[in-house]
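Colleague: The following block contains a protein sequence and its predicted model.
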Amino acid sequence: MEIGAVPIFVFALAAAAVAVGMALFGKLVGPGRTTPVKQMPYESGMDPVHDARRRFDVWFYLVAIEFLLFDVELLFLYPWAVASGHPQGIDRAVAEGLIASRTLVFGGAMVFIGLLTVGLIYAWRKGAFRWR
């Protein structure tokens with residue numbers, strides 16, 4: 001095995017051990033009594049007692065879109081923030097010709113944040129943040 005692959009192997013082994021340990025610990029300490037209510041499936045905030053092809057309220061779709069908006073925001077902005085904070089992050093990419101300039105990266109991030117703001121304002125006006 002190559003030396004560079006050892007940390008990856010150790011990490012995968014530790015992750016598997018934690019997963020198995022959590023499952024065993026949950027079985028040992030968790031409640032053991034099952035009832036018909038506990039065994040019933042539960043999806044999208046409603047009990048599944050109707051036909052699977054019935055219509056859902058628009059509320060569920062708005063919540064899903066909001067989640068995607070802010071989830072994708074983190075996926076886009078986190079690496080940008082890490083590279084901006086690192087002394088050689090974006091400057092090295094500019095030097096290697098991977099991106100045109102630091103201003104282009106900052107402008108792209110600001111356009112993305114602007115689009116997210118428009119989405120946030122839209123969801124706010126539609127009342128997606130009101131508790132029902």
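Modeller: On my side now, so go ahead. Residues are numbered from 1 along each chain as shown.
Colleague: Please, which helix or strand holds the residue with the shortest distance to the centre of the chain?
Modeller: Nearest residue to the geometric centre of the chain (CA atoms, centre = their mean): residue 71, 4.6 Å. Using DSSP states H and E, residue 71 maps to helix 58-85.
Colleague: Out of the helices and strands in this protein, which is least certain?
Modeller: Across the helices and strands of the chain, mean confidence by mean pLDDT, DSSP states H and E is lowest for helix 89-95: a mean of 63.
Colleague: which of the residues in the next helix or strand after that one are buried?
Modeller: Under the assignment DSSP H and E, the closest C-terminal helix or strand after helix 89-95 is helix 102-125. Buried residues in helix 102-125, counted by 16 or more other CB atoms under 10 Å: 105, 116, 119-120, 123. All C-beta atoms are positioned from the backbone trio N, CA, C, and that covers glycine.
Colleague: Which one of these is nearest to residue 17?
Modeller: The nearest member of the buried residues of helix 102-125 to residue 17, counting by CB to CB, is residue 116 at 38.5 Å.
Colleague: what sits against the closest one?
Modeller: Counting by CB atoms under 8 Å, 6 or more residues apart in numbering, residue 116 touches 69-70, 73.
Colleague: I'd like to know how far it sits from residue 64.
Modeller: 16 Å (CB to CB, to the nearest Å).
Colleague: Find me the pLDDT at residue 83, would you?
Modeller: Looking at residue 83, its pLDDT is 63.
Colleague: hang on, the earlier thing: list buried members of the contacts of residue 116 by neighbour count.
Modeller: Using 16+ other CB under 10 Å, the buried ones in the contacts of residue 116 are residue 73.
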